[in-house]
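Visitor: Provided below are the primary sequence and the corresponding predicted coordinates.
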Amino acid sequence: MKAKETGWLAEKIAAGFLGKKGYRILHTNYRTYIGEIDIIATSANELVFVEVRSKTGNCFGRPEESINQAKKKKLIALSRIYCQQHTDLPENYRIDIVAIMMDANGKATRIEHIINAIEANGFF
């Protein structure tokens, strides 16, 4: 599979995984002028921004390790933009990561949900 196909499939898997855990998916691939948030959901009266990371091989570490400082800052900024553009949101917010390892056929071999993976330090 190509990287774009892997990413699309991983986001679909992540949305299904979160749905089974009781999350209500509000948006997928929410675009703003500075980028995209993979999944926006609610859970237990919290607004949850989710970055999905996937890999098909073990080289160069686990998927969640690929999020650098610049990506973290961008996710915080994207989350802020979303909150400014929407009203009637839950009071609490967080940014999670769903990391997915996939085999060559696109089957998830590991799914890890890291809750509150990126500290927003009061940016909301």
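Guide: In hand now; what should we look at?
Visitor: let me see the ranges of the helices in the chain.
Guide: Counting by DSSP state H, the chain has helices at residues 3-20, 69-85.
Visitor: looking at those helices, which is nearest to residue 52?
Guide: With CB to CB as the criterion, residue 52 lies closest to helix 3-20 of the helices of the chain, at 4.5 Å. (Glycine included, C-beta is placed from N, CA and C.)
Visitor: switch the helices of the chain over to TSV; also include distance to residue 46.
Guide: As requested, the helices of the chain are exported to TSV (distance: least, CB to CB, whole Å):
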stretch	distance to residue 46
helix 3-20	12
helix 69-85	12
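Visitor: same list (the ones you listed) but as TSV, adding mean neighbour count and distance to residue 114.
Guide: Shown next, in TSV, are the helices of the chain (neighbours: other CB atoms under 10 Å; distance: least, CB to CB, whole Å):
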stretch	mean neighbour count	distance to residue 114
helix 3-20	16	12
helix 69-85	15	13
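Visitor: for residue 111, which of those helices is the nearest?
Guide: Among the helices of the chain, helix 3-20 comes nearest to residue 111, with 5.5 Å by CB to CB.
Visitor: and the closest one, how far out from the chain's middle?
Guide: Its chain's average C-alpha position is 10 Å from that of helix 3-20, according to CA atoms, centre = their mean, to the nearest Å.
Visitor: name the helices or strands packed onto it?
Guide: Under the contact criterion of 3 or more CB pairs under 8 Å, 6 or more residues apart in numbering; DSSP states H and E, helix 3-20 touches strand 24-32, strand 35-43, strand 46-55, strand 92-102, strand 108-118.
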